[in-house]
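Asker: A structural model of the following input is requested.
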Amino acid sequence: MAAIGVGAFILVLLVLLHGAGLHGVLVLHKRGVRRLKAEPPHFVRALFLFGLAVFLMLALHLLGFTLWALSLLRLGLIPRAYNAFYFCANAYTTLGFGSVDLDAHWRNIAPIIAISGMFSFAWTTSALVSVVTAHGELIAQLEDRREREMEMRFAFRKDAWAALEIERQAERSEKEKARSQAAGASLFQRLLIRRNEMRRVRELRKAKAAEILELRRKERELEANIAPAVLPRDSSDGK
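Answerer: Numbering: from 1, shown residues only. Model prediction:
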């Protein structure tokens, strides 16, 4: 009865700690997803966020059987630390393989450790499904936004190329006009025509540069407008 009582107390405590830890992992992942949806698409950061959530879930399980091992060491049921960790890891994962065993009066703790592991793994599986679902939706939204940005940039390059082509045609027209005016003109008149031609070419290039800058500004505004709205806060993230 003492083994069952002590084991049940530790089991409830560890399950509560595991639940609090999973809640923290889910809140962390949800906040990261919200930030990534409000920023330019970063697929590497999205993958890092997903990997971090999985690693933290693994750390919760490592912490779980570590606390079991420390409890058995504190109770003096297993004398050495490495034997305690090995025994609790096998019992927690229900592997059932190992040469370390407890005293006959305390053997009932082993199945209680296994029950705590099953509770924790089931809870983690549910949380992992939520994380995987949210990660898939995030990747889909980031990919959709990346495609829209690429389409917008392609349209901008097309407009910029058209503006440059118009500017080149205008330059060629000015040069042909200057050559026709210079035919039969004196040296001084040719220099004057050449200077006027260069001035008009500079004005054309300056106007087209300003037009391209305006196109780039509109492109940046459109990219900012296609950013998804920040998800509304809910009560699960603690704010």
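
Asker: what is the biggest helix by length in the chain packed up against?
Answerer: Longest helix in the chain, counting residues (DSSP state H): helix 109-182. For helix 109-182, the elements it packs on are helix 2-38, helix 43-75, helix 81-92, helix 187-225, judged by 3 or more C-beta pairs under 8 Å, 6 or more residues apart in numbering; DSSP states H and E. Where you see a C-beta, it was placed from the backbone N, CA and C, and this is true even at glycine.

Asker: out of the ones you listed, name the one with the poorest average pLDDT.
Answerer: With a mean of 71, helix 187-225 has the lowest mean pLDDT of the helices and strands packed on helix 109-182.

Asker: on that earlier part again, and the angle from the longest helix of the chain to helix 2-38?
Answerer: Relative orientation of helix 109-182 versus helix 2-38 (axes from the mean of the first three to the mean of the last three C-alpha atoms, to 10 degrees): 10 degrees.

Asker: could we number from 19 for the rest of this?
Answerer: Yep, numbering from 19; the last one is helix 127-200 now.

Asker: and helix 127-200 with helix 61-93, angle?
Answerer: Going by the same axes, to 10 degrees, helix 127-200 makes 160 degrees with helix 61-93.

Asker: according to the record, where do the domains of this protein fall?
Answerer: Taking automatic domain parsing as the reference, the chain has its domains at 20-164, 167-243.

Asker: tell me how far the longest one is from the chain's mean position?
Answerer: Averaging C-alpha coordinates over domain 20-164 and over its chain gives two centres that are 22 Å apart (C-alpha atoms, centre = their mean, to the nearest Å).

Asker: quote the end-to-end distance of it.
Answerer: Criterion C-alpha to C-alpha, to the nearest Å; first-to-last residue distance in domain 20-164 is 61 Å.

Asker: ok so, going back, redo the helices and strands packed on helix 127-200 as CSV? Include mean neighbour count.
Answerer: CSV is the format used below for these (neighbours: other C-beta atoms under 10 Å):
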stretch, mean neighbour count
helix 20-56, 17
helix 61-93, 17
helix 99-110, 20
helix 205-243, 13
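
Asker: excluding sequence neighbours, find me the nearest residue to residue 182.
Answerer: The spatially closest residue to residue 182, leaving aside those adjacent along the chain, is residue 226, at 6.6 Å (C-beta to C-beta, 6 or more residues apart in numbering).
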